[in-house]
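[1] The following comprises the amino acid sequence and a computationally predicted model.
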Amino acid sequence: MSESDSTSSTSPSNFIQQIIREDLENNKNEGRVQTRFPPEPNGYLHIGHAKSICLNFGTASEFSGLCNLRFDDTNPEKEDLEYVDSIKESIRWLGFDWEDREYYASNYFDQLYDFGVELINKGKAYVCSLTQDEARQFRGTLTEPGKNSPERERSIAENLELFARMKAGDFEDGAYTLRAKINMQSPNMNMRDPVLYRIRRLHHHQTGDKWCIYPMYDYTHCISDALENITHSLCTLEFEDHRPLYDWVLDQLDIASHPQQIEFARLNINYTVMSKRKLKQLVDENLVNGWDDPRMPTLDGMRRRGYTPGSIRNFCDMVGVTKSNSVVDVGMLEHSLRDDLDKTSPRAMCVLRPLKVVIVNVEEGHKDELILSRHPKDEEMGERKISFSKTIYIDHADFEEVPPPGFKRLIPGGEVRLRGCYVIKCEEVIKDSAGKVVELRCSIDAATLGAKPEGRKVKGVVHWVPAEESVEVEIRLYDRLFNHEAPDATDGDYRDFINPDSLEVLTGCRAEPSLRDALPEERFQFEREGYFCVDRINSTKEHPVFNLTVGLRDTWAKQNR
RNA sequence: UGGGGUGUCGCCAAGCGGUAAGGCACAAGGUUUUGAUCCUUGCAUGCGGAGGUUCGAAUCCUCCCACCCCAACCA
């Protein structure tokens, strides 16, 4: 696994592990475990996929098995190479490795075609010319049985010839389909002679223009699993009804392998949307700035936001694997994130909304070279240097003329500790003509550097940076993209619930000098503010950009809500 | 309305006939030069409901209720 593994998992056993354990005891599959992660390359991966990735790769590795990566690329209409590449990068980033087992359903198009011929020969499939409309009529409804297609009893020879001609391109798109001959009266709609192949003249990102017929998911997936010798085929709940078809196809064919499909509940998280369609819409309608917008629940977005792969993996362990539909609180994700970040992020100081502070009792040109640890609990992270001088900045939020009860920061005439530095006292407040506080005049207690003040207690601690040596940076503050906890499960359009304050760009922020050389994707805790990460796309040496990954827990803000 | 699933604390989730784990959230304390972290404590006489079986039921049986999925030539 890549990056830190500070978040060790204590995953309890889930029902899938129990099934596998039992299979192993019965020596099913010769004691072998093999899974696969089968994305369709028609969009970017999101946190929901992470659950499946962790489940498939994680389960395989727990049982010393293997997990394949297989692109489910049977619908060229929606798929693209761009997605293939991004999916691979996201999986790698998450920390998983499929080694040389990178497969495509399209690798099996020839075999799939031959199996189609086999089904026809066994009288288990037929070519049908019903239009989509007609097919719908014949299919019946949830409560009424369907009717057989008039072409259901076509001779094997004729079916063979028509199927060959479908492949050869003799017919228009949609003119014919190859259908399984199962049972039009089945209460399970999936078993009412489902379409196996359709004619579609489309360029495929893997097979080019070789094919004008493309196999359907239900037909392709089970056979691909079998060809790859998958033992446990894990998929989401909505495929439960498809399992009889999965089994039916493999039962008809002369294939030794018959993987077991097991369904689990997909991941849902509140205050966000997870469907590919909606995520794509957010991107296409410029409601966000692309698939990797840090507010998106895509893995690319989360990466850019500063999420660690370990925190995502840990989160997936935390939520578990069951068959019950559930909605996980984002708070759990954020907890996992903070938990990892707290241990792994070096500390630094950055003033988001600078307020100039002039120290009245030190000379012009005064300098204290201070050395601060990068982490309060991890000495191995080392130290950083920062110098204290006559003019510094603190945050506007850390000064109040009229403090609310319980305020522990700076007030006129009051004292506060500058983090890692002296205790200062506010002697004078300077305002502009509009009455806005623009500068503070403070004095230091020279005896308080690394020592408690004499005879009194100073409760507040405030972060600061030297005025001259600090670095100007841009900071992007992110908040949840939606302000409704179930944006897509409510009346009305989910877009109506987009949080207008989900992005706030702050310029002119002042970061301590040690941040000058921060590299893209480097993460820090800005003390008393939160965890930030150098934007991997827009940050440059001349114009550094930091993204807020997640704020520190803030019981003070909570108290004042 | 037919079929397939699921219901245990505000949110996840263990539990598999022997008397309700854990995490998140929340609350109250303690430590702290981050109102952070960390630590301690509290938080379901109750397991969708009603009956039944049993010495004993969240676990077994019966009926009922609620919610999710399925009528693409999508996956």
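    Sure thing, it's come through. Numbers count the residues shown, from 1 in each chain, chains lettered A, B, ... in the order given.
[2] can you map out the helices along chain A?
    Per DSSP state H, chain A carries helices over the ranges A:15-25, A:47-62, A:81-94, A:109-121, A:132-139, A:156-168, A:217-227, A:243-252, A:276-284, A:299-305, A:309-319, A:330-344, A:555-559.
[3] Save the ones you listed as JSON lines, and put in distance to RNA strand B, mean neighbour count and mean pLDDT too.
    Every residue, glycine included, has its C-beta placed from N, CA and C. Shown next, in JSON lines, are those (distance: least, C-beta to the nearest atom of the strand, whole Å; neighbours: other C-beta atoms under 10 Å; pLDDT from 0 to 100):
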{"stretch": "helix A:15-25", "distance to RNA strand B": "6", "mean neighbour count": "15", "mean pLDDT": "96"}
{"stretch": "helix A:47-62", "distance to RNA strand B": "10", "mean neighbour count": "22", "mean pLDDT": "98"}
{"stretch": "helix A:81-94", "distance to RNA strand B": "12", "mean neighbour count": "18", "mean pLDDT": "97"}
{"stretch": "helix A:109-121", "distance to RNA strand B": "12", "mean neighbour count": "19", "mean pLDDT": "98"}
{"stretch": "helix A:132-139", "distance to RNA strand B": "4", "mean neighbour count": "14", "mean pLDDT": "98"}
{"stretch": "helix A:156-168", "distance to RNA strand B": "10", "mean neighbour count": "16", "mean pLDDT": "98"}
{"stretch": "helix A:217-227", "distance to RNA strand B": "3", "mean neighbour count": "23", "mean pLDDT": "98"}
{"stretch": "helix A:243-252", "distance to RNA strand B": "7", "mean neighbour count": "19", "mean pLDDT": "98"}
{"stretch": "helix A:276-284", "distance to RNA strand B": "8", "mean neighbour count": "16", "mean pLDDT": "95"}
{"stretch": "helix A:299-305", "distance to RNA strand B": "17", "mean neighbour count": "24", "mean pLDDT": "98"}
{"stretch": "helix A:309-319", "distance to RNA strand B": "4", "mean neighbour count": "24", "mean pLDDT": "98"}
{"stretch": "helix A:330-344", "distance to RNA strand B": "4", "mean neighbour count": "19", "mean pLDDT": "98"}
{"stretch": "helix A:555-559", "distance to RNA strand B": "4", "mean neighbour count": "10", "mean pLDDT": "91"}
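[4] Distance to A:Pro453 added to those, as a markdown table?
    Output for those, formatted as a markdown table (distance: least, C-beta to C-beta, whole Å):
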| stretch | distance to A:Pro453 |
| --- | --- |
| helix A:15-25 | 57 |
| helix A:47-62 | 47 |
| helix A:81-94 | 48 |
| helix A:109-121 | 77 |
| helix A:132-139 | 81 |
| helix A:156-168 | 86 |
| helix A:217-227 | 70 |
| helix A:243-252 | 71 |
| helix A:276-284 | 52 |
| helix A:299-305 | 40 |
| helix A:309-319 | 39 |
| helix A:330-344 | 29 |
| helix A:555-559 | 22 |
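[5] for those helices, which one sits closest to A:Glu521?
    helix A:299-305 (7.9 Å; C-beta to C-beta).
[6] who touches the closest one?
    A:44-47, A:49-50, A:86, A:90, A:93-94, A:291-296, A:312, A:478, A:521, A:533, A:535-537, A:547, A:549 (C-beta atoms under 8 Å, 6 or more residues apart in numbering).
[7] List of residues touching stretch A:157-176?
    Counting by C-beta under 8 Å, 6+ apart, A:113, A:116-117, A:120-121, A:125-129, A:131-132, A:154, A:178, A:197-201, A:211-213 sit against stretch A:157-176.
[8] now with 7 Å?
    Contacts to stretch A:157-176, defined as C-beta atoms under 7 Å, 6 or more residues apart in numbering, come from residues A:113, A:116-117, A:120, A:126-129, A:178, A:197, A:199-201, A:212-213.
[9] Over to stretch A:330-340?
    Contact with stretch A:330-340 is made by A:6-7, A:269-271, A:307-308, A:310-311, A:314-315, A:318-319, A:480, A:549-550, as judged by C-beta under 7 Å, 6+ apart.
[10] now with 6 Å?
    Stretch A:330-340 has contacts (C-beta atoms under 6 Å, 6 or more residues apart in numbering) with A:6-7, A:269-271, A:308, A:310-311, A:314-315, A:550.
[11] Also stretch A:105-113?
    A:72-74, A:206-207, A:211, A:215, A:220, A:224, A:227.
[12] First-to-last residue distance for that stretch?
    Using C-alpha to C-alpha, to the nearest Å, the end-to-end distance of stretch A:105-113 comes to 12 Å.
[13] How far does that stretch sit from its chain's centre?
    Centroid separation for stretch A:105-113 versus its chain: 31 Å, with C-alpha atoms, centre = their mean, to the nearest Å.
[14] ok, A:Val550 - how many residues close by?
    Residues near A:Val550, counting by other C-beta atoms under 10 Å, number 19.
[15] so what's it up against?
    A:334, A:337, A:531.
[16] And A:Ser373, by the same measure?
    A:Glu383.
[17] can you check the one 10 residues further on too?
    Counting by C-beta under 6 Å, 6+ apart, A:Glu383 touches A:371, A:373.
[18] and with 8 Å instead?
    Contacts for A:Glu383 (C-beta under 8 Å, 6+ apart) come out as A:371-374.
[19] do you know how far the nearest residue to A:Ala486 once chain neighbours are set aside is from RNA strand B?
    Setting aside the residues directly before and after it, A:Ala486 is nearest to A:Asn270 in space (C-beta to C-beta, 6 or more residues apart in numbering), at 6.4 Å. Counting by C-beta to the nearest atom of the strand, to the nearest Å, the gap from A:Asn270 to RNA strand B is 7 Å.
[20] Domain ranges for chain A, per the record?
    What automatic domain parsing lists as the domains of chain A is A:109-217, A:267-349+A:470-561, A:350-463.
[21] Looking at the ones you listed, spot the one closest to A:Val33.
    Closest among the domains of chain A, using C-beta to C-beta: domain A:267-349+A:470-561, at 15.4 Å.
[22] Centre of the chain to that closest one, how far?
    Counting by C-alpha atoms, centre = their mean, domain A:267-349+A:470-561 comes out at 10 Å from the chain centroid.
[23] Check the separation of the first and last residues in that domain.
    The straight-line separation of the ends of domain A:267-349+A:470-561 (C-alpha to C-alpha) is 30 Å.
[24] likewise stretch A:63-73?
    End-to-end distance for stretch A:63-73: 28 Å, by C-alpha to C-alpha.
[25] buried sites along that stretch?
    A:63, A:65-73 (16 or more other C-beta atoms under 10 Å).
[26] Now for A:Phe138: which residues touch it?
    Each residue near A:Phe138 by C-beta under 8 Å, 6+ apart is listed here: A:130, A:146-149, A:184.
[27] oh sorry, the question was meant for A:Glu77
    By C-beta under 8 Å, 6+ apart, the contact set of A:Glu77 is A:200, A:202.
[28] Look up phi and psi at the residue nearest to A:Ala486.
    With angles defined as degrees, to the nearest 10, A:Asn270 sits at phi -80, psi 160.
[29] OK, contacts around it?
    So A:Asn270 contacts A:327-330, A:485-486 (C-beta under 8 Å, 6+ apart).
[30] Try it again at 6 Å.
    Residues near A:Asn270 by C-beta under 6 Å, 6+ apart: A:327, A:329-330, A:485.
[31] Which positions in the stretch 301-450 of chain A make contact with RNA strand B?
    A:318-329, A:331-332, A:334-335, A:338-339, A:342, A:347, A:375-377, A:406-409, A:417, A:419-421, A:448-450 (C-beta under 7 Å from any atom of the strand).
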